[in-house]
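S.K.: I would like to see how this sequence folds:
(2 chains)
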2 protein chains.
Amino acid sequence: MSSRLSLNQKTVDSLDLPDAVDACVEAGLALIGLWRESVARHGVAESAEMVAKAGLRISSLCRGGFFPAATEVRFEENVADNLAAIDEAAALGTDVLVLVCGGVANDDLEGSRRQVGEGIARIVPHAADKGIKLAIEPLHPMFTADRSVVVTMDQALDMAELHPPDRVGVVVDTYHIWWDPDIWAQIERAGERILAFQVCDWLDPLPDLLMGRGMMGDGVIEFRRFTEAVNEAGYEGPIEVEIFNQAIWERDAGEVIAEMIERYEELIVA
Amino acid sequence: MSSRLSLNQKTVDSLDLPDAVDACVEAGLALIGLWRESVARHGVAESAEMVAKAGLRISSLCRGGFFPAATEVRFEENVADNLAAIDEAAALGTDVLVLVCGGVANDDLEGSRRQVGEGIARIVPHAADKGIKLAIEPLHPMFTADRSVVVTMDQALDMAELHPPDRVGVVVDTYHIWWDPDIWAQIERAGERILAFQVCDWLDPLPDLLMGRGMMGDGVIEFRRFTEAVNEAGYEGPIEVEIFNQAIWERDAGEVIAEMIERYEELIVA
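M.R.: Residues are numbered from 1 along each chain as shown, chains lettered A, B, ... in the order given. Next up, the predicted model:
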């Protein structure tokens, strides 16, 4: 099995962190992607120890971001929360913090986009101090209002390129960007700024905006082309499977992981 | 009331065509946007007569398109259906046929995009003969798989610009494009190729991908900026309100139209 495959714990959302760690070990995986809420339930130090003891590495921590705010006070709170997320990522021993940048505040799309730029600029120095890379994740445009005003790779790279390449980069997530007519040029442009590669499929019909992501192979995305594109761009890091899907969450987690490995070998790296 | 306001009949989906026409007249509207399925129930000639007798003009006919096909035979059927749609538009006395270009066929996104280009090229001569302009509608990227592989204004214009400006243009629909960081530059680029301007709002949270469009003012879109942008680009044509929303469809159609006029005057043209 490829040493690049990482289980994002959201794919097995029914499992608490210790169980997700055990499931990775049982399945022979070397990498896991974590979420802050899950880590918080056990404490950062305890979570770090749990993962290390199991012999796993953490491919990324989700998520910082959510910068746009209706008031200055709230914006400062958001910045502070991101500084805390950087500390958590460092304590966990990962070097990638994923930024889901936040939706529209005050019905002001452009103002919200400016706030994202300001927020990132505010946290870059602390991220540099802690050795953490900030990975801007362009989300699918259907999440513009509520989750991310950053919606294309082009836009994410415009933002990242204001900072050094070893500090701010992007997440390539197939679910969010597969539709983009310009994506191949943008992945090539991203180059060394690709900090994470996440995969899951787009189901047709889509069961749900948020909880309707599909196992690779169950939808319409041509994965091999994405793998080739990020490889050609120079990315050699983890390939994280992150699936938000109620039906998958209700299945036996071991079965889901086995299927994930099978599909990964068949569709992603073959 | 602005003479530019047009009621797309989908906004009052519970009304059959004669009732929608009557409702327009009662509300003092001069323009109506029609759908082929609705026209087909009454016959093209009868529908044209009904609208003309009421003193209304047809702002556009929805919809041609849906070109991508799994087989050559099906592709030819799709082309033939578009030729029929052009005939219907001409018989109805409108000069704009809206193209919803169709989703992914054969799990092949790029191939489907090529089929759209080929399909449009196939029908342009007949459209020219009949005096019909083809309006490519970039749909929201969340419809890539099932409804339109054309998902940005940039992409739609790249396709349109292969043909004369008086034959192939684009639809600017706020619901589909409001998220696009590049939209202002693209609307300026579109210029005389803007053949239709459709408005409805993006609700947060979104009740449903297809049936969750909102009345202007109920969501997050900044309409005035779009009106100014299309006006500055030189567009002087109809402004169509097209709302797919189950909750709105269940309300009294007269009330919906009254609210539409009020919101239009408050948010779109003021």
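S.K.: distance between the lengthiest strand in chain A and the chain's centre?
M.R.: Across chain A, the longest stretch assigned as strand under DSSP state E is strand A:57-65. Put simply, strand A:57-65 sits 7 Å off its chain's centre (C-alpha atoms, centre = their mean, to the nearest Å).
S.K.: and what of stretch A:133-151?
M.R.: 11 Å.
S.K.: likewise for stretch A:75-92?
M.R.: Counting by C-alpha atoms, centre = their mean, stretch A:75-92 comes out at 16 Å from the chain centroid.
S.K.: who in chain A is up against chain B?
M.R.: A:103-104, A:107-109, A:113, A:140-142, A:144-146, A:151-152, A:154-155, A:178-182, A:202, A:204-206, A:209, A:219-220, A:222 (C-beta under 8 Å from any C-beta of the partner chain). Where C-beta positions appear, they are placed from N, C-alpha and C, glycine not excepted.
S.K.: what about the residue lying closest to residue A:187 once chain neighbours are set aside, which SS state?
M.R.: Leaving aside its sequence neighbours, residue A:187 sits nearest to residue A:229 (C-beta to C-beta, 6 or more residues apart in numbering or on different chains; 4.4 Å). Residue A:229 falls in the helix class when you classify it by DSSP: H, G, I helix; E, B strand; the rest coil.
S.K.: returning to what we had before: strand partners (parallel or antiparallel) of the longest strand of chain A?
M.R.: Strand A:57-65 has its sheet partners listed here by DSSP bridges as strand A:31-35 (parallel), strand A:96-100 (parallel).
S.K.: quick check on the residues of chain A next to chain B: which are buried?
M.R.: Among those, those classed as buried by neighbour count (16 or more other C-beta atoms under 10 Å in any protein chain shown) are A:103-104, A:108-109, A:113, A:140-142, A:144-146, A:151-152, A:154-155, A:178-182, A:202, A:206, A:209, A:219-220.
S.K.: residue ranges for the strands of the stretch 51-200 of chain A, please.
M.R.: A:57-65, A:96-100, A:133-136, A:168-173, A:194-199 (DSSP state E, counting those that start in this stretch).
S.K.: Serialize these to a markdown table and add fields for mean neighbour count.
M.R.: Output for the strands of the stretch 51-200 of chain A, formatted as a markdown table (neighbours: other C-beta atoms under 10 Å in any protein chain shown):
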| stretch | mean neighbour count |
| --- | --- |
| strand A:57-65 | 25 |
| strand A:96-100 | 25 |
| strand A:133-136 | 26 |
| strand A:168-173 | 26 |
| strand A:194-199 | 26 |
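S.K.: only C-alpha atoms, please: export stretch A:71-83 in CSV.
M.R.: Taking C-alpha atoms only, stretch A:71-83 is exported to CSV below (Å, rounded to 0.1, in the frame of the first residue of the first chain):
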residue,chain,number,x,y,z
THR,A,71,-17.3,43.4,13.9
GLU,A,72,-13.7,44.2,14.7
VAL,A,73,-14.0,42.4,18.0
ARG,A,74,-15.2,39.2,16.4
PHE,A,75,-12.4,39.5,13.7
GLU,A,76,-9.8,39.7,16.5
GLU,A,77,-11.4,36.7,18.1
ASN,A,78,-11.1,34.8,14.9
VAL,A,79,-7.4,35.8,14.5
ALA,A,80,-6.8,34.6,18.1
ASP,A,81,-8.4,31.3,17.4
ASN,A,82,-6.1,30.8,14.4
LEU,A,83,-3.1,31.5,16.5
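S.K.: roughly how far does residue A:187 sit from chain B?
M.R.: Distance, residue A:187 to chain B, using C-beta to the nearest C-beta, to the nearest Å: 15 Å.
S.K.: looking at the strands paired with strand A:57-65, spot the one closest to residue B:195.
M.R.: The closest of the strands paired with strand A:57-65 to residue B:195 is strand A:96-100. By C-beta to C-beta, the value is 36.8 Å.
S.K.: residue contacts, the most centrally placed residue in chain A?
M.R.: When C-alpha atoms, centre = their mean is applied to chain A, the residue found nearest the centroid is residue A:98 (5.1 Å). Residue A:98 makes contacts with A:60, A:61, A:62, A:63, A:64, A:65, A:135, A:137, A:171, A:196, as judged by C-beta atoms under 8 Å, 6 or more residues apart in numbering or on different chains.
S.K.: who does it bridge with?
M.R.: Going by DSSP bridges, residue A:98 forms beta bridges with residue A:62, residue A:135.
S.K.: any idea how far it is from residue A:61?
M.R.: 7 Å (C-beta to C-beta, to the nearest Å).
S.K.: what about residue A:236, neighbour count?
M.R.: 9 (other C-beta atoms under 10 Å in any protein chain shown).
S.K.: out of the buried ones among the residues of chain A next to chain B, which sit inside helices?
M.R.: Applying DSSP state H to these, the entries found in helices are A:109, A:113, A:154, A:155.
S.K.: of those, which pair is most distant in space?
M.R.: A:109 and A:154 (16.3 Å).
S.K.: list the contacts for the residue nearest to residue A:187?
M.R.: Going by C-beta under 8 Å, 6+ apart, residue A:229 touches A:183, A:184, A:187, A:188.
S.K.: what sits closest to the first one if chain neighbours are left out?
M.R.: Read it as residue A:183. That would be residue A:177: by C-beta to C-beta, 6+ apart, it lies 5.4 Å from residue A:183.
S.K.: what do you get for residue A:216?
M.R.: Residue A:216's closest residue in space is residue A:263 (C-beta to C-beta, 6+ apart), at 4.4 Å.
S.K.: please, which helix or strand holds that neighbour?
M.R.: helix A:253-263 (DSSP states H and E).
S.K.: would you agree residue A:247 is in contact with residue A:207?
M.R.: Yes - using C-beta atoms under 8 Å, residue A:247 is in contact with residue A:207, at 7.4 Å.
S.K.: for residue B:267, state which of the ones in helices among the buried ones among the residues of chain A next to chain B is nearest.
M.R.: residue A:109 (15.5 Å).
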